[in-house]
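Asker: coordinates only, sequence not included:
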């Protein structure tokens with residue numbers, strides 16, 4: 001496996017969930033770094049506007065919950081570019097609180113998009129990534145995938161993403177494909193307005209999509225297999241594992257301990 005720094009210039013990246021928020025900021029950031037970016041989402045009009053803003057961004061409509069759609073995406077990237085050097089699995093939804101049977105459909109949808117959508121994209125692009133090596137996979141998880149605060153299905157999907165990424169970071173090394181779990185903290189986006197957090201003392205800790213896009217580029221260049229953004233959230237993760245009673249006492253007083261993200 002290569003240990004050389006990864007230069008993104010002239011390479012091909014696929015970014016899912018690119019019609020807004022972190023995905024949109026990441027597509028622009030990687031295009032500015034010289035990459036050809038295939039921006040993927042379900043909202044075609046938004047993708048077309050994004051592509052019109054940057055000559056290195058291409059729009060491709062696909063649904064990560066539909067394996068046929070994901071396979072068509074991978075086939076198109078192979079046909080049109082012959083390579084995929086970077087895959088950013090960012091498509092996701094927040095979901096709501098899980099209180100009982102009435103919330104089952106929402107919970108399953110959250111798991112399907114956030115976790116199984118990532119699995120589908122990895123399955124579709126595995127061979128092309130290996131053929132394009134050295135290659136990078138960035139799976140956008142969440143600090144909620146480390147500490148379990150907020151909507152239960154969302155946290156479960158992100159815990160799954162973290163476990164998937166950690167396992168693949170070991171098993172895919174022999175293919176020269178580096179897999180990174182990138183875990184944002186509170187980031188204000190269209191789907192995650194962070195209204196609850198901004199009402200309280202943690203307001204200064206709320207970041208922007210551009211912060212995550214910068215971290216994604218850094219992880220691509222360095223080959224990191226784990227990254228928390230902003231970095232200071234890492235302390236809370238350490239507290240969770242090293243001092244569990246203290247963590248639970250603090251977490252239990254947080255608004256999101258009620259299981260919602262409003």
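Answerer: Yes, it's here. It should be emphasised that the depicted structure is a prediction, and the values quoted were computed from it without experimental measurement.

Asker: SS state for the closest residue to residue 76 other than its chain neighbours?
Answerer: What sits nearest to residue 76 in space, not counting adjacent residues and going by C-beta to C-beta, 6 or more residues apart in numbering, is residue 60, at 6.5 Å. Every residue, glycine included, has its C-beta placed from N, CA and C. Counting by DSSP: H, G, I helix; E, B strand; the rest coil, the backbone at residue 60 sits in strand.

Asker: now swap in residue 8 and tell me
Answerer: With three-state DSSP as the basis, the three-state label of residue 8 is coil.

Asker: just give me the neighbour total for it.
Answerer: 21 (other C-beta atoms under 10 Å).

Asker: quickly note the distance from it to residue 234.
Answerer: Going from residue 8 to residue 234 by C-beta to C-beta, to the nearest Å gives 25 Å.

Asker: likewise residue 44?
Answerer: 37 Å.

Asker: is the residue nearest to residue 76 in a bridge, and if so with what?
Answerer: For residue 60, the beta-bridge partners are residue 40 (DSSP bridges).

Asker: pLDDT score for it?
Answerer: Per-residue pLDDT puts residue 60 at 98.

Asker: quick check: it touching residue 38?
Answerer: Yes - the pair residue 60 / residue 38 is scored as a contact, 5.3 Å apart, by C-beta atoms under 8 Å.

Asker: what touches both of these two?
Answerer: When contacts are counted by C-beta atoms under 8 Å, 6 or more residues apart in numbering, residue 60 and residue 38 have residue 73 as shared neighbours.

Asker: once you drop chain neighbours, what's closest to residue 96?
Answerer: residue 106 (5.5 Å).

Asker: same drill for residue 44 and residue 234, tell me which one is more crowded.
Answerer: Using other C-beta under 10 Å, the more surrounded residue of residue 44 and residue 234 is residue 234, with 17 against 13.

Asker: thought the more buried one was touching residue 228?
Answerer: Yes - using C-beta under 8 Å, residue 234 makes contact with residue 228 at a distance of 4.4 Å.

Asker: and residue 181, which helix or strand is it part of?
Answerer: strand 177-184 (DSSP states H and E).

Asker: any stretches of this protein with poor pLDDT?
Answerer: Within the chain, the stretches with pLDDT under 70 are 1-4, 188-207, 232-233, 235-236, 239-244, 246-262.
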